[in-house]
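Could you look at this predicted model? Sequence included:
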Amino acid sequence: MIFKTAVEMADALAKKEVSSVELTQSHLDRIAAVDGDVKAFLHVDSEGALAQAAAVDGDRAAGKKVSPLAGIPLALKDVLAQKGVPTTAGSKILQGWKPPYDSTVVSKLKDAGVVILGKTNMDEFAMGSSTENSGYGPTFNPWDLTRTPGGSSGGSAAAVSAFEAPLAIGSDTGGSIRQPAALTGIVGVRPTYGAVSRYGLIAYSSSLDQAGPFGRTVLDTAMLHEVMAGYDSHDATSINAPVPAVVAAAKSGDVKGMKIGVIKQLQGEGYQKGVQTRFTESLDLLASLGAEIVEVDCPSFEFALAAYYLIAPSECSSNLARFDAMRYGLRTGDEGGASAEAVMAATRDAGFGREVKRRIIIGTYALSSGYYDAYYGSAQKIRTLIIQDYAKAFAAADVLVSPTAPTTAYKIGEKVDDPMAMYLGDVATIPVNLAGICGMSLPAGLADEDNLPVGFQIMAPAMQDQRLYQAGAALEAALSSKWGGTLITKAPALAGGTR
Amino acid sequence: MSTLSRDEVAKLAALARIEMTESELVELSSQFGTILDAVARVQELNLDGVKATSHPQPLENIARPDVVQASLSPADALSGAPAQEDQRFRVPQILGEE
């Protein structure tokens, strides 16, 4: 049962072929069998998950109407607050912290009867692209345990890819859902900025952060998207509009007459050969389904990476000021009459990892007087140019496409000492975040040179998230019929796990 | 190539309230040149007359009706405190010695 899609599991639950307790227990067993190798989870909440599952089974037995995903297990990125369950954002500074409240996303999951299996590993405060920056050690890619699953939502992506959960939630500030989805051969969506509430999402870069769904199919991902999205009065940037009809779009999957724009700047030099080949093949497939392929020019995208690595660190240097050792989290050096300031500095040294410190320092520099206009100010203007490039491109095309990441999954440790090399992996995903629009990554096949998954990225204008699912479902169906099943069904079996 | 000296990094670390060891200061200062060169690309374009975007959405201040609502209990609010006393957060000294 754990190898089925969430939709198939939901169907089996509705027909009472399996109970949610049984389904949840199978996933907990799977976690026990394979997570020693994958290390997707930071915390497994067996008791809470089984209790939630039993409650859904009770409702169903009593004949109560339950939501479509009721009783389906899910893995939650450790960046979202869940009441009474350890929440660390992958940082030592929050080790042992149990939030006194639920994030809105968690409230919505609970209301829908979704079973939260536990909290997944991530780059500390979502700063990273490989999950190696976690304060609790890396997560390993289920396709090849010597490689990273991408990041920062690497734990969530690995959990879904390793069949430890059919669905997961991540967050995407510069590609942290789409890039790990690409590297682990699954589907991941960053919804439009403001479509999913950020209340209870531990902030990294507030104007870029957005939580979103992972699944093994486009339709599964759409089902979760519909549950987690929607207006929330607790988030001042929440969009007060109906959730786009993503499930209906995923079911239709029709691209006849759809105009698909290929972004000239997001291909070619710097992109691995096998990535480029699978990308071009997918384009040909979409054309054969009746889509019209056009090329679009986005000249300012060349500067997106630079703008992002100023804006995000600037916002993080401000956001992470809250970790001050006073009200919650770690406190060290509080002895012998040490001042609050000294305790703060000692705690932040002990609690933050190298990448977090690096970004706080870059942000502090970029915002300091004398440098503000040259760095942060210029980056904000580049952001305007990127928004304008998108506006022009979307006038010529319904959706835009590119490879999700320039390469397939790299080896653990390969880029950890070279921050700039790591940052370059975000080159194709970052423009979406700067413009506040939505994007999806779905599997395009395996690269010939290394047999590792390649991601195909689809982008759509703000609050047109359904277009991602419409195009994504069409491509997925065409590719699956070619492969005889979705890509993930071709993943190698893990030791300790049967197939 | 841009550079940032060990002392400049130390000053930024102090501003950001992060104590750093000598080796961390030296490592950061050696990595900064590459990172600064990369991000300094934002200065390559002529940006005169381009408006700055701080946020992807037009933001306006939102106030809820002034109605009393349930909030965290003192026990919940203090549940993560590193130290507490008399239903309050206990913090290290914030003023110098008398």
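Nice, thanks for sending it over.

Going along the chain, name the strands of the stretch 51-200 of chain A.
Residue ranges of the strands in the stretch 51-200 of chain A, as given by DSSP state E, counting those that start in this stretch, are A:73-77, A:115-120, A:167-171, A:187-190.

Quick check: which of those strands is nearest to chain B?
strand A:187-190 (12.3 Å; Cβ to the nearest Cβ). Where C-beta positions appear, they are placed from N, C-alpha and C, glycine not excepted.

Which strands and helices lie in contact with the closest one?
helix A:178-183, strand A:211-215, helix A:218-228, strand A:438-446, helix A:466-483 (3 or more Cβ pairs under 8 Å, 6 or more residues apart in numbering or on different chains; DSSP states H and E).

tell me, how many neighbours does the residue in the stretch 301-450 of chain A positioned nearest to chain B end up with?
As assessed by Cβ to the nearest Cβ, chain B sits closest to A:G436 within the stretch 301-450 of chain A, at 2.3 Å. A:G436 has 23 neighbouring residues, counting by other Cβ atoms under 10 Å in any protein chain shown.

For burial, what's the neighbour tally of A:K110?
A:K110 has 16 nearby residues by other Cβ under 10 Å.

what sits against it?
A:52, A:102, A:116 (Cβ atoms under 8 Å, 6 or more residues apart in numbering or on different chains).

For the last one, give me its contacts.
It stands for A:I116. Taking Cβ under 8 Å, 6+ apart, one finds A:45, A:48-49, A:52, A:73-76, A:82, A:85, A:106, A:109-110 in contact with A:I116.

how about a cut-off of 7 Å?
Contacts for A:I116 (Cβ atoms under 7 Å, 6 or more residues apart in numbering or on different chains) come out as A:45, A:48-49, A:52, A:74, A:76, A:82, A:109.

from those, which single one is nearest A:V7?
Among the contacts of A:I116, A:L74 lies closest to A:V7 (Cβ to Cβ), at 14.0 Å.

what's the burial count for the closest one?
29.

Spatially nearest residue to it, not counting backbone neighbours?
Spatial nearest neighbour of A:L74, chain neighbours left out: A:L167 (4.6 Å); criterion: Cβ to Cβ, 6 or more residues apart in numbering or on different chains.

For that neighbour, give the beta-bridge partners.
Per DSSP bridges, the residues bridged to A:L167 are A:L74, A:G215.

tell me the helices in the stretch 51-200 of chain A, going along the chain?
Here the stretch 51-200 of chain A has its helices, by DSSP state H, counting those that start in this stretch, at A:104-111, A:154-161, A:178-183.

Turn those into a markdown table, columns for mean pLDDT.
Shown next, in a markdown table, are the helices of the stretch 51-200 of chain A (pLDDT from 0 to 100):
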| stretch | mean pLDDT |
| --- | --- |
| helix A:104-111 | 98 |
| helix A:154-161 | 98 |
| helix A:178-183 | 98 |
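
Indicate which one of those helices is closest to A:E17.
Using Cβ to Cβ, the helices of the stretch 51-200 of chain A put helix A:154-161 closest to A:E17, at 22.4 Å.

got the angle between that closest one and strand A:73-77?
160 degrees (axes from the mean of the first three to the mean of the last three Cα atoms, to 10 degrees).

tell me the angle helix A:154-161 makes with helix A:218-228.
Interaxial angle, helix A:154-161 versus helix A:218-228 (the same axes, to 10 degrees): 130 degrees.

For helix A:154-161, C-alpha coordinates in CSV please.
Provided in CSV are the C-alpha atoms of helix A:154-161 (Å, rounded to 0.1, in the frame of the first residue of the first chain):
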residue,chain,number,x,y,z
GLY,A,154,15.7,17.7,1.4
GLY,A,155,14.1,15.7,4.2
SER,A,156,10.6,16.2,2.9
ALA,A,157,11.6,15.3,-0.7
ALA,A,158,13.6,12.3,0.5
ALA,A,159,10.7,11.0,2.7
VAL,A,160,8.3,11.1,-0.3
SER,A,161,10.9,9.6,-2.7
